[in-house]
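In: this one's structure only:
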């Protein structure tokens with residue numbers, strides 16, 4: 001994915017959209033989940049705070065290394081290697 005940055009962003013955005021769609025119904029079913037599962041889900045989510053004028057968003061951890069994934073519109077004003085501040089639950 002190094003060759004075409006637009007294609008890379010598109011693919012990542014699509015993956016993010018699919019993953020958020022898959023978990024969008026989770027809050028409605030959260031009370032039926034075991035406490036251990038709810039705790040792991042809460043620990044894997046974060047609030048993304050970029051700039052008050054730009055808005056905020058959410059992210060979730062998708063790897064044991066601590067990589068978080070968010071929607072492109074949340075970070076679209078940043079440069080590729082900028083830090084993204086996360087507020088963990």
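Out: Good, I have the coordinates. On a predicted model such as this, the values are computed, not experimentally measured, just so you know. Residues are numbered from 1 along each chain as shown.
In: List the contacts of residue 74.
Out: Residue 74 sits next to 48, 50, 55-59 when contact means CB atoms under 8 Å, 6 or more residues apart in numbering. Using the backbone N, CA and C atoms, a C-beta is placed for each residue, glycine as well.
In: Which helix or which strand is home to it?
Out: helix 72-75 (DSSP states H and E).
In: so how far is that helix off the chain centroid?
Out: Centroid separation for helix 72-75 versus its chain: 10 Å, with CA atoms, centre = their mean, to the nearest Å.
In: next structured bit after that helix?
Out: Next helix or strand after helix 72-75 toward the C-terminus (DSSP H and E): strand 86-88.
In: Quick check: next helix or strand after the lowest-mean-pLDDT helix or strand in the chain?
Out: Every helix and strand in the chain was compared by mean pLDDT, DSSP states H and E; the lowest is helix 26-29, with a mean of 58. Per DSSP H and E, helix 26-29 leads on to helix 35-43 as the next helix or strand towards the C-terminus.
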